[in-house]
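Visitor: Below: sequence and its predicted model.
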Amino acid sequence: MPSVSGPAVSIVIPVFNEEKNIEETIRRIQAFMLLKNEPWECLIVNDGSLDKTDALTCAAIAAQPDTNFKLFSNALNHGKGFAVRQGVLAASGRFILVTDADLSAPIKELDKLTKALNDGYDIAIGSRALKSPGGDVQQSFNRWLAGRVFNIIVRLLVLKGISDTQCGFKCFKKEIAHELFRAQKLDGFSFDVEVLRLAERRGLRIKEVPVMWRQSQETRVRLFHDSLKMFKDLFYLRRAV
């Protein structure tokens, strides 16, 4: 049973130029979590958005009948890894979910991850690579190919045994999340690999869980530019972590 002194679940959402998604995302999270009948919080980290994300988030939060949503606003864009770290270290839930602002993995998939944590795993990560009746994945061929190539290199250089490190849907036990993200340094998209490598080095139990996932038309990943940066990060992780 969750502690009465804090949330059962914290949801951390990094956002950058998400004016088209953020209001609907807040509505969906509110509707789903109200069905859980347990304390929760949602921490939204606006990482220097240049559009109306901040104003729309403030208005959407103000329209909610409770105070479960919290907004952190950075004046400058630091990167997804920075924003996630900021949110995770401020989270107080027994379980901490990190999810993308477009909810490419529907929020209802949270139940699959928390089940794995309740079964004894330390970390549960959504996977687009594992196949199961509950794991429907819709993405472009280019996105699929880039992901597969990146994962092959991840396995060769840094982290064996994980079939999808980059799915933006991961859940941690609180104490473990705080320990890992205090040690995590990379500010860009490669933070996922870094966190999982740190977890592996500590002997933590990681469970990959097939999830439903739909590629957003508003994806922030620039396949060529971001892939080059991520490959450089892998060589850094191989040496430093």
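Guide: Nice, I can see it.
Visitor: just the strands in the protein please.
Guide: Assigned by DSSP state E, the chain shows strands spanning 9-15, 40-47, 69-74, 95-99, 123-127, 137-138, 169-173, 206-210, 213-214.
Visitor: how about those strands in TSV, adding mean neighbour count?
Guide: For glycine as for every other residue, the C-beta is placed from the backbone atoms N, C-alpha and C. Listed next are the strands of the chain as TSV, based on neighbours: other Cβ atoms under 10 Å:
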stretch	mean neighbour count
strand 9-15	27
strand 40-47	25
strand 69-74	16
strand 95-99	27
strand 123-127	26
strand 137-138	15
strand 169-173	26
strand 206-210	20
strand 213-214	18
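Visitor: Out of those, which gets the lowest mean score?
Guide: For the strands of the chain, the weakest mean pLDDT is recorded on strand 137-138, namely a mean of 65.
Visitor: Below-threshold pLDDT in this protein: ranges please.
Guide: 1-4, 133-135, 137-150, 152, 154-157, 217-228, 231, 235-236, 240-241 (pLDDT under 70).
Visitor: Go again with 80.
Guide: Filtered on pLDDT under 80, the chain yields the residue ranges 1-5, 131-159, 161, 215-241.
Visitor: Span of stretch 6-20 from start to end?
Guide: Chord length of stretch 6-20, first to last residue, is 31 Å (Cα to Cα, to the nearest Å).
Visitor: can you give me the offset of that stretch from its chain's centre?
Guide: Between the mean C-alpha point of stretch 6-20 and the mean C-alpha point of its chain there is a distance of 9 Å (Cα atoms, centre = their mean, to the nearest Å).
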